[in-house]
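Visitor: what's the 3D shape of this:
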Amino acid sequence: MIICGLKLTHDGAIALIDNNKLIFSYEMEKLNNNLRFSSLLNLDLRFLSSILEENGYNIQDVDKFVIDGWGDYDEKTADKENDAAAFFTKIKDEFGKDFKIELGRYGMLVKDEDVLQEQSFSYPENNFSYNSYLHISGHLMGAYCTSPFAANNEDSFVLVWDGGMFPQCFYFNASTKKIDNLGPIFHIKGDSYASFASNYHPFTNFEGEGLSIAGKVMAYIALGECVPEILEFFKDTFNKNEGEILTDNIKDLSTLIKRSTNLLKEFVIYGEINEVKPVDLMATYHVFLQEVLLLKLNSLVNRYPMKTKNICLVGGCALNIKWNNAIRNSGMFKDVWVPPFPNDSGSAIGAACSEMVKYTDKLALEWDVYSGPFLNEYEENNSWASVDCSIPELARVIHDFDEPIIFLNGRAELGPRALGNRSILSAPVSNTMKGKLNKIKGREDYRPVAPICLVEDAPEIFSPGTPDPYMLYDHKVREEWLNKIPAITHLDGTARLQTVSSNSNPEIYALLQEYKSLSGVPLLCNTSANHSGRGFFPDVQSVMDWGKVNAIWSKGKVYVRKDSRIFAESELFKLVEKSF
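Guide: Predicted structure coming up:
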């Protein structure tokens, strides 16, 4: 069965599954230097056809199109019991004619409904039909189907905590495909992390950038500290609110959302009255949510002692590496899985997985994290010189010149993290490198730079240093390494580690081995290669137009600015004509 999943709203994407194998997933932000979180609203089916053809398929090959559900919550139009209002949008048919379509619902508060119950829509005059599942279902199935639990035919809890919903828990029974709805574990929306911070500098003027705030807050709180007295107030106020919800049997969505909003207001007012530093309030709120999350998950697990202790974490909140790490370290679960696309960048995949599980005998998706767009072709630029460059030669350039180098290789990564194929790489040993990388990317000084490390060497440098190929957990830099790799150490002594094996990314693995042989350090700095506020660079020319680095490696060649020190001094360019 060939299934094409579509995510039309923010983080728009097209994904194709053929007989339970992911062929590709194209996020719109990763095409043509599009803005981050770009939508696929006003989809043109001719564009969809071109993406399919690029990958060897055509629109007639697709057995079923599946569109991720959605809803914009508005109290006047919402189903106040459990969801936002139905969502409609326009798309263009194969002749360029506009027609209006409806999407499945969001799933802000799932009760006893079947989350794998699709809605079917058909527009015969436009030659287009599709199924649509709840938005929450896409998260749930995208996480489970890509997990090792699905591959091993194991049951699992799935916690979905996205920006527009409360943290809702499910249990997937692998043998029956039955999903138990276990309900919300507490009543605070996922976007509260960013909403709370938006009351304070430097997050008060981020209009239009709401989806990017949470990650910045997670980095910024390293400048503050948790205040015990404030934490106790947050907990007491929260417990009172949750108690009233339980005692009064409050179940309608509109009342629960108002209570969530009012809870934040109480926290803000208390902070103002007590003149607490904003950064300390944010740090305290982070710890508060983490402790509540652990407490409520533990309570849930204890209610179901006979269920398998696996859990998938998904939704935008599963990008919080500190919470993920706290859950993994808690000992509550035998194993924890977070897909590399827990936010809506994985929703097209998840929508297609919902259909796959519903209408085939497959549970596990065969997939590779490097299934995004191909690199565009490049034409030579007179301001840049290029030569063939092996991986050992590239390692030598990185080691000798201590400059950031763009590394573009193969297909783009899925999800928001640069995992080596669309990366800026550099040596981690300089005290100035983190500042240099943040400057060329136009980022704040407090923002961390991630390490990309040989998997076999990670435990020596990081605690725990366990395999983490998708950069989704917090690791502590071991004390004896703090001064050796300052560029990748965050203000709180942690790092967002990515480990690499010879199987996961052979080129990066070889590069790290070569750099280690030169420096004794088995890792490099890794940050995303992109214009500020846009998706990954789609080609070499985009990097040249950006103009913030002196060297680019792609497809076995290195491209170097002719006015750079690398061009003037590297052995690679000895035979290249220097006059220009």
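
Visitor: how close does Ile23 get to Glu54?
Guide: 11 Å (CB to CB, to the nearest Å). (Glycine included, C-beta is placed from N, CA and C.)

Visitor: residues touching Lys296, list them.
Guide: 167, 185-186 (CB atoms under 8 Å, 6 or more residues apart in numbering).

Visitor: So it belongs to a strand, correct?
Guide: No. Counting by DSSP: H, G, I helix; E, B strand; the rest coil, Lys296 is not part of a strand but helix.

Visitor: any idea how far it is from Gln168?
Guide: For Lys296, the distance to Gln168 - CB to CB - is 12 Å.

Visitor: Of Ile23 and Glu54, which one has the most company?
Guide: The residue with more neighbours, out of Ile23 and Glu54, is Ile23; 18 against 12, by other CB atoms under 10 Å.

Visitor: Buried residues of the lowest-mean-pLDDT helix or strand in the chain, list them for me.
Guide: Using mean pLDDT, DSSP states H and E, helix 210-220 stands out as the lowest-scoring helix or strand of the chain, at a mean of 92. Buried residues in helix 210-220, counting neighbours by 16 or more other CB atoms under 10 Å, are found at 210-211, 213-220.

Visitor: got it, and stretch 83-98?
Guide: In stretch 83-98, counting by 16+ other CB under 10 Å, buried: 83-87, 89, 91-93.

Visitor: swap in stretch 502-518?
Guide: 504-505, 507-516.

Visitor: List just the nearest of the contacts of Lys296 to Gly415.
Guide: Pro167 (20.3 Å; CB to CB).

Visitor: which ones are touching the residue lying closest to that closest one once chain neighbours are set aside?
Guide: Sequence neighbours aside, Trp161 is the residue nearest to Pro167 in space, at 3.9 Å (criterion: CB to CB, 6 or more residues apart in numbering). Contact analysis of Trp161 by CB under 8 Å, 6+ apart lists 167-168, 190, 313-318.

Visitor: Tell me the spacing between Thr77 and Asp180.
Guide: For Thr77, the distance to Asp180 - CB to CB - is 31 Å.

Visitor: try Asn153
Guide: For Asn153, the distance to Asp180 - CB to CB - is 17 Å.

Visitor: Between the two, which has more neighbouring residues?
Guide: Taking other CB under 10 Å, Asn153 and Asp180 do not tie; Asp180 has more neighbours (14 against 10).

Visitor: quick one: low-confidence ranges for this structure?
Guide: 206-209, 577-580 (pLDDT under 70).

Visitor: quick check: domain ranges of this protein?
Guide: Taking automatic domain parsing as the reference, the chain has its domains at 2-146+340-359, 182-337, 384-573.

Visitor: Endpoints of the first one, how far apart?
Guide: Just to be clear, that refers to domain 2-146+340-359. The first and final residues of domain 2-146+340-359 sit 11 Å from each other (CA to CA, to the nearest Å).

Visitor: for stretch 476-496, same thing?
Guide: With CA to CA as the measure, stretch 476-496 spans 9 Å from end to end.

Visitor: Switch the domains of the chain over to a markdown table; also include distance to Ala174.
Guide: Output for those, formatted as a markdown table (distance: least, CB to CB, whole Å):
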| stretch | distance to Ala174 |
| --- | --- |
| domain 2-146+340-359 | 9 |
| domain 182-337 | 9 |
| domain 384-573 | 23 |
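
Visitor: Of these, which is nearest Thr176?
Guide: domain 2-146+340-359 (11.5 Å).

Visitor: Give me the distance from the closest one to the chain's centre.
Guide: 18 Å (CA atoms, centre = their mean, to the nearest Å).

Visitor: Let me see the contact set for Glu413.
Guide: 340, 369-370, 372, 419-422, 536.

Visitor: ok, it to Gly104 distance?
Guide: 28 Å.

Visitor: same deal with Pro202?
Guide: Computed as CB to CB, the Pro202 to Gly104 distance reads 38 Å.

Visitor: End to end on stretch 377-392, go ahead and measure it.
Guide: End-to-end distance (CA to CA), stretch 377-392: 24 Å.

Visitor: list the buried ones in that stretch?
Guide: 378, 384-387, 389, 391.

Visitor: In strands, which of these fall?
Guide: Per DSSP state E, strands hold the following members of the buried residues of stretch 377-392: 384-387.

Visitor: and of the residues you listed, the nearest to Leu231?
Guide: Trp384 (53.6 Å).

Visitor: What about Ser528? Give its phi and psi, please.
Guide: phi -70, psi 140 (degrees, to the nearest 10).

Visitor: What separation do you get for Tyr370 and Leu511?
Guide: For Tyr370, the distance to Leu511 - CB to CB - is 15 Å.

Visitor: For Glu479, grab the count of nearby residues.
Guide: Neighbours of Glu479 (other CB under 10 Å): 9.

Visitor: Assumed Glu229 was part of a helix.
Guide: Yes. Under three-state DSSP, Glu229 falls within a helix.

Visitor: Tell me who's in contact with it.
Guide: With CB under 8 Å, 6+ apart, Glu229 has these contacts: Asn274.

Visitor: Show me the strands in the stretch 451-580 of the chain, by range?
Guide: 462-463, 475-477, 494-495, 498-500, 523-528, 551-554, 557-561 (DSSP state E, counting those that start in this stretch).

Visitor: quick one: which of those strands is nearest Ile14?
Guide: Using CB to CB and comparing those, the one that lies nearest Ile14 is strand 523-528, at 21.1 Å.

Visitor: thinking again about what came up before, closest to Asp335 among the buried residues of stretch 377-392?
Guide: Looking across the buried residues of stretch 377-392 and measuring by CB to CB, the closest to Asp335 is Ile391, at 33.7 Å.

Visitor: What residue, apart from its backbone neighbours, is nearest the closest one spatially?
Guide: For Ile391, ignoring the flanking residues on the chain, the nearest one in space by CB to CB, 6+ apart is Ala510 at 4.7 Å.

Visitor: Repeat that for Arg396.
Guide: Counting by CB to CB, 6+ apart, the residue nearest Arg396 is Leu518, at 6.7 Å.

Visitor: In this structure that neighbour contacts His399, no?
Guide: Yes. In this structure Leu518 lies within contact range of His399 using CB atoms under 8 Å: 4.4 Å.

Visitor: This completes my enquiry, with thanks.
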